[in-house]
Structures are given as structure tokens and as C-alpha cells.
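>>> need coordinates for the below:
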Amino acid sequence: MNFYFPGTYTELREHHFQENYKVKSKNQVTQMDERLILMRINQFQDGFNQLSTLIEDSQYFDFLYYLVEYLDQHPNQKVQLQLVEMLSFQIQKLYPDHPQAFKMTLFLLLNLLQQKQIQGQQVRRALKILQQLFSLNAFHDLGREGSRYIFDLIKMALEIKDAQIREVWIDILVQAIVQWQSYDLNLKNRIVHLMYEQESVVPNISKFLLGCSKNEKLKQYTVDQIILLVNYITEKSTNQTESLAVKNLKELLSQTSKEMPRVYYQQLSAFISLYDNENYHIRNGLSELITNVIEYLIKESKDQDSDELQLANANNLIKQLIDRHMDKTALCRSNVLQCLSQLLNANCVPKQHLQTIFAISSSRLRDISGYVRKSSLQLLKSIVRYYRFLYVQSQGRQDFWSSNEVDEQINKNKEELQNVHKDFEEMDKQFQNGEITQDNLNESVKFIKKKAQETIKIQEYLEEYQQFLQGMKTVITQVLQLCQSKNQADVIHSIKLFSYLQKYHYEFANQGLRRMILLVWSQDKTIQQEVIKKFWKLFLRDTKKTRQIVLSIIEIISKSNLKELISLEKIILSYETEQTPNYKFPSKMFHTLWEYFGSQEIDQRSMLIFVRIMLTRNSSYLNLEKVAQIYNLLQKYSKKDPDWIIIKELATILSKLDRTQGKNQVNFNKSIDLLIILLIKYQNSLDMNYFSACDSIIQLVPNAENPELIFETLLQDLGFKQNKMDLEVEEQKKIEDIHLAHAIYIAGSVSLQLLIFIDSTHNQLKNLKNEREKQIGKEQEIDKIQGGVEGQFEKLHGMVDEIQDLKLIQKNLLSVFSPMVKQILEECLNQMETEETLSRQQPPIVQVSLITMCKFMCLSESYCRENIQMLFNIMKSPLVDQVMKNNVIISIGDLLHRWPNTIQKFHKQIYSNLSDTSAAVRRVTLLVLTHLILNDMVKSKTSLSHIPILLNDPHPQIPAMARYFLNELQKKEQRAISNAIPDIISNVQDQNENILSQISQYIDKSQIESIVDKLITILGTSTNQYEIKNISILFNNINLTQNSLQKLLDGWEEYREKLTDQFVFNQFISLIKKLKRILPQDAKPLIEEYEMKVEHHDKETFENRRREKITKKKNAKQIQVENNDKEQKENKAGNRLQQQQQRKITKKKREEDYMELESDSEEISDQSLIIKKQTSQRRKKITNKDEEE
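Predicted coordinates:
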């Protein structure tokens, strides 16, 4: 019986397939495991080696038929590959002598190759054999059904990943289409269906179509296939459909147009209408298609020496692409910007479009979508790179031109043009006078024209570049704002843009660099890593240029403020750590840096700051030789006025010294002695940096030998001994004032070091106690009664506390200063009150006295107790400047941590500063309160009524800080904000929807009903119109429940009259509309009832009158019940009987009340009567329920 290819695989065993070969055997494969199947395949292989036509035997063919079908449903790669190997080897032997066996083997092999998850060298060899058979014309007589099985190899597109397999597979399909062009519709339909299966199909289909386009006979087939895909999928897709086929079509258009743009260019009219499609994937695919066609046209025009038609078409397409940047869908706008960026990166945008694209990228930085802003930043970077290529690199430069350089060059060109004009006039005169001939004139004019044209061309270039620089000023401002965005992509791509600008020294890039450095403190680890990475690439990457690296970082330090210096230090310290192990530091960095020590060529301040940072990385760099150099430099300063910033940095550098070695300690002590001498010698210095140097030097003293003697000597040599102090004389001259300020400041710094020493003493005592207890072991009872080890150490702690509280400040050398600072501050306050001057910055002596007093208060609790009220007086005074107020607020935070019992009763006065006129004071107050509350040093309840007001602060930083506080508090105490809602509303001084809408986000859902209950009560009793309006606003921002609505109904008469205000009425109307949207269907009757009440709030329902009568009768009954209680105490025997009688009387009177109330008015409208009945029934239910309880 002859074998013919069936219509379907299963048709081969169906009864109607009678005239040809039919599978009749039973399926034995399902009962076999892998081992048995492999054994059977090996047996078949041996049989085929002996008899090549063995497959014609139904026993063999039918088993293989069922095996192929089984493997399609239960893939087993090992079995599949062995079977492919056997069948492909066999088919090669069967052609051309055994056509029947050849067809049967080919049928099985083709079906096997279409199966999923089958890859390997066996597949490649099988396809190679099929390729050879095609070249031998072995498939010419397969017919329609046979060709269909060859075309079904297109299904392999789902699995092919190997490039060699793909190449052979494409060649087979191309040959098949060429041979059976009349049957190619089957293939086209299969490709359409494959687009609905999975994403992996697109790359292989693209390669297949590219292979077809390269064959001259299949160019039309390629076009027809693409158009069929587009038409079919676009017709089936709906508005904004996210189907797999639509996504695959978009990718197919993008990939194929990149690989064969000429095909799309010739058929562009068939695709351009896709911009009208509602699906954004299809519009994106068309944008990428047009981009690839533009790129093709521009490159072709360059290769063919400016083909004007192609350039014109490219320009038209660019305009069409630019017009799509305002697409309604954000992803389409983003895609268009990416396409423009691709064209710029490929150098395929004519100059006339640059300004337009630049303006688009600038405007899209403000887009509401994060995707669009990200693409806009990428496009902006491409534009900057393109401008640099056109206007900078073309002139043989690497770095951007500055505005001044461009202006100078433009002016220079203008002068040259004027000179050209003068030369032309001069030559004309000479010709008129007959001094030169016509030929000489013509040659000279030709030269002058050429020179003028070159100058004009350069001038045009410079003016275009000048426009770019002007536009960049606006862009830089916008990108700086995006650096503060909550969107990670905004920040990261802003960093990338600033990094590129800094790399090529754009004149305003330094602003971006400074902002970028601050982002190292971002909570987002990705942003931190990006900052660290970009800084390393900009300044530390080229390890061979160590000197250049050192000078660059010194220059950055010299231009940085305090925040930037701290951020820069964090970045430098992060390299070669677990955070960034791959970013290496130049090995000779410190050695090269130290070469500049003491040099006048560079800024010594910045150099020493860099040294200090490097020593924080590795203190071993500081050796004996370098300490000697520091000592020599300090000696030079003893002969001239020192730079106190340098002194401060040198002192900090000395603190890094390893003092375990004896020689180091000797040099360290000598350096400290010299530093102390400098403090004493220049105690009258007017340089304000003297104070910061004092701190660094005083912090070194505890590490020296006999630090207490050094402190004593320093204070005595400053000339302030207790028996010689005369404050009034000291204030006579300015020089004496600054002298006094220095002495007071040093006294405060000393007290702080004493505090640190006392804390360490307490810790040492605790450690000694623990060691003693371990040595003694278990104490006997008699020892415990007498106090034992713990008692001994408690006495020692008490002695230390006594020294700290009384002796250091009030009975010691520092006691000279403790009354002095108090007197200075009192006189300052009295003077301000007398003169009633506006707040202005106080002289240094006042500011220093305040800081020193706060330090003394940290040291002594008794001193703190005596003077704490003065601090709060300073803080609350409107005449005190913001610097002093901020110092007080910060100090109160420290004191609250130090002496909580003493400060606790005063700390509530801090909240008044949240409404201070100075934004700096409000910010510092909020910062301190945030720290205190989140660390449980202050209860949050009081603060919560004040801090939310700052959500509407005009200073942009303060609302962000307030939101941070509320977010952190919500994590810590979930119900804290909800409980404070009534207090917050009472503190909002005006009608403020912004604050209330933000606060509503923190309300706990489980507390909504209780909050509504409280707000109804406030709404009913409040006379403050702003409070009433704010409550109505808050109702609109809370997601009310059905029970909450019931409470609004129950308490209606309490707040009905408040709805006479039009604003409040409108808020309740909006609330009803919202309730209709959010509440379930079963709440509809309640909503309708409430809506009726709100709409007719101005009509009397007499519920208030009923309430008054019921209240009076309840009061009367209550009096009667109290009298009955007295009687019950006198006569206990009749107690039960009296109670029963009383209940009957109460019930009867309640019924009479309701009867009386129902006939209370004759002139009630129908609507009011309905409301009255509903309310009456509800009141009866509540009363009955109360009786049952």
C-alpha cells in the first residue's frame, strides 16, 4: 500500500484513510519507560543497518509513529535527539532508490523536528541533510500535503537559539517557498499564529524574513508576509490591548526594519496609517520603523554624495516623528524620545532639527510620567554629545567652549568681516584710480569672498552653539530639580548627564557635580552606588596620573561647602570596602599628596582636608617624619598670625597618630604644647575661625600626659582668675570682648571634655564592678546586708556624680565662668527688652556665652535646674536672632537626653517655635522634635497637634521633613496620628484642604467610626468657622464606612445648622456623591435618607425640640430615681417592688412622650413628616434597646 502525507498526524490511523497506508497496530509506547524505549530504538537502528527499507514494515513504522506522538506530549530530549539522529541518517540512505521508505521516514522526521524543547547538534545535522536533499531536488513530488509538513518547520522558530541551526533552517524554508510558491499561504498563516504563542518567536521570524528578502524571487513574499501580519493583528487588537501578538508585532517591526529598511521604505505608505491605531504598542512599533528608515536614508545619502530626494524624505519623516512627542500615551511619548536619541547617537539628524529636538527634550523634563522624564534625560545627553561632536570636536577640541570664549570669537569674527568690507572698498578705490588691473581686481575679490564666506560660516556655527549654551542654562536648573525626585530613574539619569558634562568641563557642570556628591546620602542604595561609581570614573579611574588626581580632588575640596565636604569624605572612604570592592585607589596617592605639604602652589586648607580624609582611611600613613614636619610648620605660625583653619586641620590630623609607640607620644605632647601656646598667644585674634580651632585642639588634650594640668594652665594664662575677674572692665573695649569670648568658649570646650571623661569613668567603674563580682563569686548574706560590692561601687558613682554636679562648675576653676555667662545673657536680654530692637545677630561674646552655658548645664544638673528657664526665655523671645534660638533648641534636645526629669516639665514650650517667623528656626525645631519623638524621649501626643501644620509651610524643605516624621511615626505607632485628629483640627488656624488631605492618609481604618463620632461632637459645639469647614473637608477625605454614615445620621441635629454655610453645604454634597461611589448597594437607603436631610437642612424637623423635651424629662426622671434610691436605702424591704413600679411608670411616660411629640406641630411639610417619622422610629428602637439592657 502506498504512503501519502496525511492532512493531519492523527488522520493516518483513522478509518476513512483506506486507499493509502494506515496505522493499525496498538499503541505500546505508553506502557514503556525511557530505558525500554531507548533499547527499542537501538534495536531498530541495528535492523535499519541490515535492511534500509525496514520502516515499510508496519510493526516498525507504527511503533515509531506512536513514539513521535508520545514525545510531542511528553518531551524527553535524550530520546528525541537519538531518534532524530537515527531518522536523519536513515533518510540519507533511502534517497533516491527507496521512495516509499523515504517518504515514511521523512514524515516522522519532519514531525519530530517541530516538537518543542528539542535542540542540539543532532538537530543541526538533520537540517543539514534536509538542506542537501533540497539541493538534490528530492522533494519535488511531495505535493501540497508534503510541502505543508516542510512549511511546518517554521514552528522551530519557537525554540531555535543556535545561530548555525538558524542559518540552515532559514535556507530550507527559503528553498521550500521558492519550490512551492503556490502553497505559501499555508506558511503565511502559520507565521501569523506563531505571533500569538510566545515572545521568543520574534528574533527567529525576523531572521527568516531577512533571509527571504535577500532572495530576489521572494522580495514580494516578504512584503506580503509583513503586511498580512500587520493587517491581521491590528484588526484583531482592541483599544490599548496588551496581547502577546501586539507586543510581538511591535518587536517584529522594530527588528525587521533595522535589518531591511529598504523594504519598508518602499512600502512606507502602507504602514504610516498605523499612527491612527489606538494601541500604543503598534504606534511605538511604527515610530521605531520610521527611525530605522530615517537612519537608512541619511546613511544612503552620505554614501551617494547627498541624494537630495532621500534627504528630503528623511527630513519629512523626522518632522513626522517629532510631531509624535505629544502623544496621549506616556509610553509613546517616551518611545519617540528614545527614537530621536537613537538617531542622534547614529549621527543621522540634520542640523536644522537640532534646536527643535533640544526644545522638546527640555519641555519633556516636566512631563508627569517618569518614563518620559527618563527618556528625556537620555535624549538630552545624546543632544549634548551631538553638539560637542558638531561644534567642539570638529574644531580639534575635547572640552566644551565656555560662553566667554564663544563671545570673544564672535566679536573677533565681526571685526574680521568689517576688515574684509574695508579691504573690498580699498581695492575698489584702487581700481577706480587705475592702480590695479581688472584681472588683479577679480583675483583679489575672489580671495576676499572666500575668506568672508569662511568667516560667515564659522560665525553661524558659533551663534548656533551660543543658542545651545543659553538653552543649557535652563536645562541645568530643571535637571538639578530632578536630582531631588522620588523617582529613582530621574536621579540616576540626572547623575549620568552631569557626569558627562563634568567629564568634558562644561562651564556649569560644577553645580551638578556638587548636587551629585550630596546624593551619596540617599536612602536608595542604587543611587548611592551610581554616585560612587561616577565619581571614581571622573577623578580616580586613571591610576597612572596620580598627581592629576590629587590636584583635581584638592580643587573640588576648595570649592565645596561643609555638606559637600562631608559627602566627599563618605565617597572617598567607600572605595576598596565591601560596598565597592572593585573601585581601587591609586597606591601612591598619599605619598603624592604629602609632597604638597607646606607648598605655596596650592591651597593648603584643601590639601590638609584631603590628608585628614586619607588618614581616616589608613592612619599608618602618618609617621614620625610627617609629625616632625607638622611641628615645624606650627613653629612657623608662632612667629606670625596663623591660619586657624590650617591649625584646626593639623590638630585633627594629629589625632590620627598611633601613640602606642613611645617616640610618637613624645612628639605628640610637644605638638600639643605648641598648639596651646598658639591659643594663648593669639587670644585676641579677631578671626572667627579661632573658635573652631579651639575645639580641635581641646579634643587633643585628653590624649596627652596630665591633661588636667594643661587645662588649668590654659585657663589661668588666659587671665581669668577668680579673684581678679572684673566683667564691667572687660567689656570696655572690643579687643577685650573678643578676648573674653575666647576664654569663655575654651571654658565650655573644657567642660565638654570633662563630661566625656566622667562618662568614661562611670563606664570603667561598671567594668571594675563586673570583674570584682566574677572574682568574688557568690556573696554571703551578711555582705549583701552591708552593701557588698554593689554598695561599694554605688558610693564611688555617687562621689563622681557629686564632683560632676557641684565641684566642677561651681567650686572649681570653671566656677569663674559659670556666673559670668549667666550675667552676660541676662544683660543681653534686658538690653533687648529696653531697646525693643528687632531680632539681629548678637555679638560673638553673647553667642559664645549661650553655647558655654548649655555645655555647663550638660555637665551639672543643679546648674541646669537653676538656669533652664533662661534658655526657654531666650527661645521664646521675638527679639532674639535665629542663630541663638537654633542653638537653644538643639541644646534643649541634648539636655532632655541628659537630665530628662529636670527638662521634662519645660519641653512643651518648644512647640511654640514651630510657628516662628524664621524658616530656619522652624526647620531646626522640627528636626529636634523628630529626633526626640522617634527615639521615645518625648511623647508624641502633644507634638502631633502642632507638627502637621508644617505640611503647608512655604519653605519647601519643611513640608518634606514633616511628611518624613509622620511616615516614621505611623510605622512606629499606627494609631498615634488617628488619635490626634481632633487636636490637629483645632490647631489648624484657617481653612486648609492641603493639610487635611495629607493627614487623612494616616488614619487607621479601624478607627474611622470613633473619629467620625468625635468630629460630630466637635462640629455640633464649635463656634470657630474654620474648624467647622475643616471638619467638613476631612469628612470628604476619609473613606467613610456604612457605620460611619449611620453615625452621621444619628447625630444629624447636632450639626444641622452648620450647613447654612455654603462652603460646608457644598462639602457635604460632595461627600454624598463620594459615598454613592464607594459604599455597597445595600447602603443606598441610608445614603438617600442622608441626602434628603442635607438637601433640606434649612427646614425644621422638630427633632431638636423633641430632644429638649426628652432631655428635660430624663433629668426629672433621674432626680426621681435618685430620691427613690435614698428611700430604698431607708427601707430595703420594699426595694424590689419600688423598682418594678418605677420601670412601669418610666415605660408608660416614654410612650406618652412619643404620642405627645407626634402631635407637636400641625404645619409640617410632607418631606419633614417623613424625616420626623424615620427619626421617631429610630429613637423608639434605641429606647427599647436601652430598656432591655
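>>> from what I can see residue 455 touches residue 413, true?
Yes - counting by CB atoms under 8 Å, residue 455 touches residue 413, with 5.4 Å between them. Yep, even glycine has a C-beta here, placed from its N, CA and C like the rest.
>>> quick check: which helices or strands does the longest helix seen in the chain pack against?
Secondary structure assigned by DSSP state H gives helix 438-482 as the longest helix of the chain. Judged by 3 or more CB pairs under 8 Å, 6 or more residues apart in numbering; DSSP states H and E, helix 438-482 is in contact with helix 354-364, helix 370-387, helix 403-432, helix 488-503, helix 509-518.
>>> make CSV out of the ones you listed and add mean pLDDT.
Formatted as CSV, the helices and strands packed on helix 438-482 follow (pLDDT from 0 to 100):
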stretch, mean pLDDT
helix 354-364, 94
helix 370-387, 95
helix 403-432, 83
helix 488-503, 94
helix 509-518, 92
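>>> and of those, who's closest to residue 118?
Checking the helices and strands packed on helix 438-482 against residue 118 by CB to CB gives helix 370-387 as the closest, at 39.1 Å.
>>> check contacts around residue 284.
250, 331, 332, 335 (CB atoms under 8 Å, 6 or more residues apart in numbering).
>>> so it is in which element?
helix 280-303 (DSSP states H and E).
>>> can you list the domains in this structure?
Using automatic domain parsing, the domains assigned to the chain come out as 1-194, 239-395, 401-470, 718-775+790-905, 913-973, 983-1098, 1103-1125+1137-1188.
>>> can you put those in TSV and add distance to residue 528?
Below are the domains of the chain laid out as TSV (distance: least, CB to CB, whole Å):
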stretch	distance to residue 528
domain 1-194	37
domain 239-395	19
domain 401-470	32
domain 718-775+790-905	28
domain 913-973	18
domain 983-1098	28
domain 1103-1125+1137-1188	61
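>>> mind checking which of the ones you listed is nearest residue 209?
Here domain 239-395 is closest among the domains of the chain (CB to CB), at 5.5 Å.
>>> what's the offset of that closest one from the middle of its chain?
Centre-to-centre, domain 239-395 and its host chain are 29 Å apart (CA atoms, centre = their mean, to the nearest Å).
>>> where does the stretch 601-750 of the chain dip in pLDDT?
Scanning the stretch 601-750 of the chain for pLDDT under 70 picks out the ranges 661-662, 719-734.
>>> nearest spatial neighbour of residue 84, chain-adjacent residues omitted?
Distances taken as CB to CB, 6 or more residues apart in numbering place residue 122 nearest to residue 84, at 4.7 Å, with adjacent residues excluded.
>>> give me the pLDDT value at that neighbour.
For residue 122, the pLDDT comes out at 89.
>>> thinking again about what came up before, angle of the longest helix of the chain against helix 370-387?
150 degrees (axes from the mean of the first three to the mean of the last three CA atoms, to 10 degrees).
>>> so helix 438-482 versus helix 354-364, what angle?
Using the same axes, to 10 degrees, helix 438-482 lies at 10 degrees relative to helix 354-364.
>>> pLDDT of helix 438-482, averaged?
Across helix 438-482, the average pLDDT comes to 85.
>>> same thing with stretch 909-928?
Computed over stretch 909-928, the average pLDDT equals 87.
>>> in it, which residues are buried?
Buried residues in stretch 909-928, counted by 16 or more other CB atoms under 10 Å: 910-911, 913-914, 916, 918, 921-928.
>>> kindly report the same for stretch 178-190.
Those would be 179, 180, 183, 184, 186, 187, 188, 190, for stretch 178-190 by 16+ other CB under 10 Å.
>>> what comes into contact with the strand or helix carrying the last one?
Under the assignment given by DSSP H and E, the secondary-structure element containing residue 190 is helix 184-194. Applying CB under 8 Å, 6+ apart, the contact partners of helix 184-194 are 147-148, 151-152, 154-155, 157-158, 173, 176-177, 201, 205, 221, 224-225, 228-229, 232-233.
>>> one step back: just the buried residues of the helix holding residue 284, please?
For helix 280-303, by 16+ other CB under 10 Å, it's 280-301.
>>> same question, stretch 744-760
744-755, 758.
>>> count the residues that sit near the closest residue to residue 654 other than its chain neighbours.
Leaving aside its sequence neighbours, residue 654 sits nearest to residue 671 (CB to CB, 6+ apart; 5.6 Å). Residues lying near residue 671 (other CB atoms under 10 Å) number 23.
>>> quick check: residue 671 vs residue 632, distance?
Using CB to CB, to the nearest Å, residue 671 is found at 10 Å from residue 632.
>>> cool, residue 937 as well?
From residue 937 to residue 632 the distance is 48 Å (CB to CB).
>>> check residue 238 and give its pLDDT.
For residue 238, the pLDDT comes out at 65.
>>> sorry, back to before: next secondary structure element downstream of the helix holding residue 190?
From helix 184-194, the next helix or strand downstream (DSSP H and E) is helix 201-214.
>>> contacting residues around the closest residue to residue 620 other than its chain neighbours?
Sequence neighbours aside, residue 658 is the residue nearest to residue 620 in space, at 7.1 Å (criterion: CB to CB, 6+ apart). Contacts for residue 658 (CB under 8 Å, 6+ apart) come out as 619, 620, 622, 664.
>>> ok, of the residues you listed, which come out buried?
Here, 16+ other CB under 10 Å leaves 622, 664 buried among those.
>>> show me where pLDDT drops low in the stretch 1001-1150 of the chain?
Ranges of the stretch 1001-1150 of the chain meeting pLDDT under 70: 1099-1150.
>>> can you give me the helices for the stretch 1-150 of the chain?
Taking DSSP state H, counting those that start in this stretch as the test, the helices found in the stretch 1-150 of the chain are 34-50, 58-73, 77-94, 99-113, 121-135, 143-151.
>>> next one: the stretch 551-700 of the chain
Along the stretch 551-700 of the chain, the stretches classed as helices by DSSP H, counting those that start in this stretch are 562-574, 589-594, 604-617, 624-637, 644-654, 662-681, 689-700.
>>> how about the helix or strand just after the last one: buried residues?
I take that to be helix 689-700. Using DSSP H and E, the helix or strand that follows helix 689-700 in sequence is helix 707-717. Buried residues in helix 707-717, counted by 16+ other CB under 10 Å: 707, 710, 711, 714, 715.
>>> neighbour count winner among residue 937 and residue 632?
Between residue 937 and residue 632, counting by other CB under 10 Å, residue 937 is the more crowded of the two (16 against 10).
>>> is it true that residue 889 touches residue 921?
Yes - Residue 889 is within contact range of residue 921, at 7.4 Å (criterion: CB under 8 Å).
>>> what touches both of those two?
With CB under 8 Å, 6+ apart as the test, residue 889 and residue 921 both reach residue 913.
>>> what sits against residue 315?
Contacts for residue 315 (CB under 8 Å, 6+ apart) come out as 350, 352, 353.
>>> quick one: neighbours of the closest residue to residue 602 other than its chain neighbours, just the number.
Spatially, and ignoring its direct neighbours in sequence, residue 602 is nearest to residue 596 (5.3 Å; CB to CB, 6+ apart). For residue 596, the tally of surrounding residues (other CB under 10 Å) stands at 21.
>>> please renumber so the chain begins at 5
With 5 as the first residue, the last one maps to residue 600.
>>> still on that earlier bit, which two among the buried residues of stretch 913-932 are spaced furthest apart?
Pairwise distances across the buried residues of stretch 913-932 (CB to CB) peak at 15.4 Å, for the pair 915 and 922.
>>> list phi and psi for residue 403.
phi -90, psi 150 (degrees, to the nearest 10).
>>> who's in contact with it?
396, 508, 509.
>>> can you check residue 901 too?
residue 941.
>>> tell me which residues of the strand or helix carrying it come out buried.
According to DSSP H and E, residue 901 maps onto helix 886-902. For helix 886-902, a neighbour-count test (16+ other CB under 10 Å) marks 886-897, 899-900, 902 as buried.
>>> thanks a lot, catch you later.
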